[in-house]
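**Student:** okay, sequence plus prediction incoming.
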Amino acid sequence: MEFLLGLAAAFGAGTLAAAMGAVNAFIMTGVIAIIGGFIQCMGAPEGVSGFVAFGTIFGPHLSFAAGAAAAAYAKRIGKLDNGCNLGQGLAAIGEPSILVVGGVFGSIAWVIGTYLIPFIFGDLIPIGTDNPGMTVVISGVLARLAFGQRGLYSANPATLSKGKDLTNVLLRAIAYSLMVAGTGIAMDEAGVGLGGYNILIFGIAAVTLLFPGNASWHHIGIISAYATMIAIGADFGEFVVLIMAVASGLGAALLCNFENCMFNNDVDSHIDGEGFSICLMTIVLNIVVKIIEAVA
């Protein structure tokens, strides 16, 4: 019964995300994550934000991923000009099958996130990853294979961005990581817990997508915040905390940039570069945690 309830709830989350639009659903994820992350920092139990922000309502692995799949399907049947248009609510199109596809991909993502990824990164590989991030990527690949018409890879397998574009990516990564690390240090010195700090920063970054023209940075934020939490938890000095946060934020930014060049250049669906970088950098930072524990 629990399995069927999970499938049903995830179907509803996917349908809602398709109706709202993937980015709009993700912004709602951010709103709930801010609340959950804040109260975790105030001492609430770990995971308190998971029931909504990362559960079967606005969990990005269900909602955002399902909305992206629905957009790809809408493009395939000629109801949407661009399958990468993730900001448009699809309910207004008036095609029920689009919402059904969103619901189906919500259920598929729930199975992947609940069973497949914990089995691989838990039972088989004893190093955890970011479950929602990896689920979003897998869902995006499945949606492209199902509905895409330009192949899995970018139409022009791109090299890494150069010049001003890459400079802008690196500048933002450094600046935002410094902001995250500096705030985390200040919170720690003030006696505020950092138990949900990465979730709080993730939520803030997601909500900033409300502002037109602002590029996503939740991958930089959550990873640099996690690095900050690790460094502070290990009693490293402030300079080391800053270095770890910036290095991690840069890694997240570069991985996202690489994925976007290889998979999101001149295509008709979206495979999430931010989720790609989050799940890989989480693995890297979890290895760092094991190394710190081993030498402590």
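**Tutor:** Yes, it's here. Numbers count the residues shown, from 1 in each chain.
**Student:** from now on I want contacts and neighbour counts done on CA atoms only, so please keep to that.
**Tutor:** Fine.
**Student:** what's the local residue count around Ala69?
**Tutor:** Residues near Ala69, counting by other C-alpha atoms under 10 Å, number 37.
**Student:** likewise Met134?
**Tutor:** 23.
**Student:** pLDDT wise, what is it at?
**Tutor:** On the pLDDT scale, Met134 is placed at 97.
**Student:** and the chain, what are its domains?
**Tutor:** Per automatic domain parsing, the structural domains of the chain span 2-147, 164-295.
**Student:** so which of those domains is nearest Tyr153?
**Tutor:** Proximity to Tyr153, assessed across those by C-alpha to C-alpha, is greatest for domain 164-295 (4.8 Å).
**Student:** quick revisit: got TSV for the domains of the chain, with distance to Ala155 too?
**Tutor:** Listed next are the domains of the chain as TSV, based on distance: least, C-alpha to C-alpha, whole Å:
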stretch	distance to Ala155
domain 2-147	13
domain 164-295	6
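**Student:** nearest to Ser154, of the ones you listed?
**Tutor:** Using C-alpha to C-alpha, the nearest of the domains of the chain to Ser154 is domain 164-295, at 4.7 Å.
**Student:** quick one: mean pLDDT over that closest one.
**Tutor:** Domain 164-295 comes out at a mean pLDDT of 95.
**Student:** repeat that for stretch 113-128.
**Tutor:** Per-residue scores along stretch 113-128 average to 91.
**Student:** if you compare the domains of the chain, which one is most tucked away?
**Tutor:** Ranked by mean neighbour count under mean count of other C-alpha atoms under 10 Å, the domains of the chain are led by domain 2-147, which reaches a mean of 22.
**Student:** roughly how far is it from the heart of the chain?
**Tutor:** Centroid separation for domain 2-147 versus its chain: 10 Å, with C-alpha atoms, centre = their mean, to the nearest Å.
**Student:** what distance separates the start and the end of it?
**Tutor:** Criterion C-alpha to C-alpha, to the nearest Å; first-to-last residue distance in domain 2-147 is 30 Å.
**Student:** now do the strands in the chain.
**Tutor:** For the chain, applying DSSP state E gives no strands.
**Student:** in it, which spans are helices?
**Tutor:** All helices of the chain, identified by DSSP state H, fall at 2-20, 22-41, 63-76, 96-111, 117-118, 131-147, 164-189, 197-207, 218-233, 238-263, 273-295.
**Student:** okay, the ones you listed in TSV with distance to Leu86 next?
**Tutor:** Shown next, in TSV, are these (distance: least, C-alpha to C-alpha, whole Å):
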stretch	distance to Leu86
helix 2-20	9
helix 22-41	5
helix 63-76	6
helix 96-111	12
helix 117-118	25
helix 131-147	12
helix 164-189	21
helix 197-207	14
helix 218-233	16
helix 238-263	15
helix 273-295	14
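**Student:** Ala53: which of the ones you listed is closest?
**Tutor:** Taking those one by one with C-alpha to C-alpha, helix 22-41 is closest: 4.9 Å.
**Student:** please consider this matter closed, and thank you.
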